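Q: Show me how the following folds:
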Amino acid sequence: MKKLLFALFAMAVVIGCSKNDNAPSPQEANGQASFLTVNFKSAGSITKAPEEMFEYGSTDENAVNNVVFYFFDENGNKYPVQDMQNFIAGNVEDWTASTDEPAVSIEKVSGLVLVIKQVQDGQIPAKMVAVLNAPASLQKSMSLAELQDEVLTALTIQDDQKNDYFIMSNSVYVDGSEVVYATEIDETNLFSANVEPGEPGYNKPGTILKPGEAGVPANITPVEIYVERVAAKVRVAGAANVTLDKIPVLDEQGNQLTVPVEGSDDEVNAYVKVLGWDVTNNTSEAYAIKKLSATYDDLGFTPWNSTDFHRSYWAETDAEPMHNLKFEDLIGRNLTPGFAYYFENTKPAAENNGVNINPNDTFEPSADGVNKASQLLVATQLVDEQGNVLAIGRWYGQNYTVPALKAAMVGTVDHRLYVKDPADATKFLAITADYVEFVQRPQTDADSRYLVYMTAKEGVTYYDATGAEITATSSEDETSAAYILEHVDPAQIWADGYAYYYTTIQHFGEATGIVRNHLYDIKIEKVTGFGTPVFEDGFVITPEKPEDIVAVNLSAKINILSWHVVEQSVIL
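A: The predicted structure follows:
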């Protein structure tokens, strides 16, 4: 079995360096060979919080597949430790003590001994960075500045057989006025090998040895490296006494709402069944090591940095968020196992209804007031107490069954539009819902995209009250059937009972965002209102809350633990 990695992944210790100083170092490592021991350590919490504020993570989240170490001089230039290379990479499978263990945890990796060669005798590398579970693209020589610019497009590397291995890197934090990206090395961390090539016990520079192997000294002061996962984790579940299969729909006073049922004069209590969830406004990449500023004027929470605990609780996001989720994509998503992983996104929230998109269904970062914050989208279905689907509509503040709503909307113009009687072409009939199309407002509209309006149905010939054929077809021509129908006020229709709820994910305090190595544990406590109606489930969801209805909210509670975990409860 794989062992747990550790409770908190956090910050790497060392003085950050200016990118202008990070020129490549062309020299070859040709000095003496030395041993250097590395320990991976857990970081502390945002405060001295009790243990229940932390979560150790699963064996998959803690498994280590490989490690890459990078070495630099004081200015962040490449410090070669084997030939011209300033990195050492090792496959963890080579270090597994037992063939019964499918992977190695941090307990196995901690205590590794690296064999390096110094540039010249008496010169030592000043600092180092480690990346656990590094993709192949990172296994190369880089200056510290080049490593800082490296971008990941996946949160894990994948074993061909069964396991995802979560990428981890030096934890980044601020010490005084400097951002710490790398871990310092001093003379006490090195022990001369004193064995020449060809002699017994010689280990080639670039070799990684397990603790206790022959020839490995036992008295080296280890370099202690603090690491953090690149992934942020979001977990969604019902709060105590809340089952996601049947959550009562309440009004603002806490009373359960009722809806009409087709074929009956009675109304029944309304519930929502959670069909799936995901996070919109996601980024698709992140820096291999976290980007951070030395100071922030007002993040909305303190402390945002802890030198003592070797970690910070914020990050800067350069990647633009993606906004591409459709309702149909959400169905069945993330209910099992109940969590998902994301790149960090600390883009700002905006005080508008949802987010903006352009006509190509893509995110429009230049739009004024655009909301770039990550939002939890929850797909639901309205059901009764027995789980039967409730398809409803709402118009002018009144709830209807869907057939009754369509009939009411058509009834406002049935004295203006007629069709020929299929059984007798000499007679005319007032139109019914069968002779019109009900269409959701365009995706590119500025707001109220959830509304449904009527328009002319293709293939239907319409007549006016005198029996004259209506030949105009343009929806801008006041004499056309399309114009007449489209100027009836639109309605809200929960086709198939489908609705979504959303909430912006909170970080600490007033800050919104998701940050690497944090777990956002969202507990749904209750839902208010019927949710935002979904008439056509193929549209990209632009989160917005409907008007002229009981206030729609997802009530959730957020607590921040350390994985690091953020627990949120929301009102749907």
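Q: mind listing the helices for the protein?
A: 59-62, 106-109, 144-149, 327-330, 402-411, 481-486 (DSSP state H).
Q: Report the rounded mean pLDDT for the second one.
A: This means helix 106-109. Average pLDDT, helix 106-109: 71.
Q: Tell me the bridge partners for residue 377.
A: residue 278, residue 502 (DSSP bridges).
Q: what does stretch 386-400 rub up against?
A: 245-246, 259-262, 268, 270, 273, 381-384, 401-402, 404-406, 408-409, 452, 489, 491-497, 530, 533, 548-549 (Cβ atoms under 8 Å, 6 or more residues apart in numbering). In this view, the C-beta of every residue, glycine as well, is placed from N, C-alpha and C.
Q: how about a cut-off of 7 Å?
A: 259-260, 270, 381-384, 401-402, 405, 408-409, 491-497, 548-549 (Cβ atoms under 7 Å, 6 or more residues apart in numbering).
Q: Weed out the non-buried ones from the residues you listed.
A: Those of the contacts of stretch 386-400 that meet the buried threshold are 259-260, 270, 381-384, 401-402, 405, 408-409, 491-495, 497, 549, by 16 or more other Cβ atoms under 10 Å.
Q: Which members of the contacts of stretch 386-400 occur in strands, if any?
A: Counting by DSSP state E, the contacts of stretch 386-400 place 259, 260, 381, 382, 383, 401, 492, 493, 494 in strands.
Q: Out of these, give me the two with the largest separation.
A: The largest separation in the ones in strands among the contacts of stretch 386-400, counting by Cβ to Cβ, is between 383 and 492 at 17.9 Å.
Q: ok so, going back, considering the ones in strands among the contacts of stretch 386-400, which is situated nearest to residue 237?
A: Closest to residue 237, out of all of the ones in strands among the contacts of stretch 386-400 and judged by Cβ to Cβ, is residue 381, at 18.2 Å.
Q: what about the closest residue in space to that closest one that isn't next to it in sequence, distance to residue 290?
A: With Cβ to Cβ, 6 or more residues apart in numbering as the criterion, residue 381 has its nearest non-adjacent residue at 4.5 Å, and that residue is residue 497. As for residue 497, its distance to residue 290 is 43 Å (criterion: Cβ to Cβ, to the nearest Å).
Q: And for residue 302?
A: In terms of Cβ to Cβ, residue 302 sits 19 Å off from residue 290.
Q: Compare the two (neighbour count), which wins?
A: More neighbours surround residue 290 than the other of residue 302 and residue 290, with 27 against 12 (other Cβ atoms under 10 Å).
Q: Isn't that one up against residue 315?
A: Yes. The criterion here is Cβ atoms under 7 Å, and residue 290 meets it with residue 315 at 4.9 Å.
Q: Overlap of the contact sets of these two?
A: With Cβ under 7 Å, 6+ apart as the test, residue 290 and residue 315 both reach residue 516.
Q: for the stretch 1-150 of the chain, what spans make up the strands?
A: 33-41, 66-72, 87-91, 112-117, 127-132 (DSSP state E, counting those that start in this stretch).
Q: again, but for the stretch 451-572 of the chain
A: Using DSSP E, counting those that start in this stretch, strands in the stretch 451-572 of the chain cover 452-456, 492-494, 498-504, 519-528, 532-533, 553-560, 565-571.
Q: and those as JSON lines, adding distance to residue 175 and mean pLDDT?
A: Converted to JSON lines, the strands of the stretch 451-572 of the chain look like this (distance: least, Cβ to Cβ, whole Å; pLDDT from 0 to 100):
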{"stretch": "strand 452-456", "distance to residue 175": "57", "mean pLDDT": "98"}
{"stretch": "strand 492-494", "distance to residue 175": "54", "mean pLDDT": "97"}
{"stretch": "strand 498-504", "distance to residue 175": "32", "mean pLDDT": "94"}
{"stretch": "strand 519-528", "distance to residue 175": "26", "mean pLDDT": "93"}
{"stretch": "strand 532-533", "distance to residue 175": "46", "mean pLDDT": "96"}
{"stretch": "strand 553-560", "distance to residue 175": "23", "mean pLDDT": "62"}
{"stretch": "strand 565-571", "distance to residue 175": "25", "mean pLDDT": "47"}
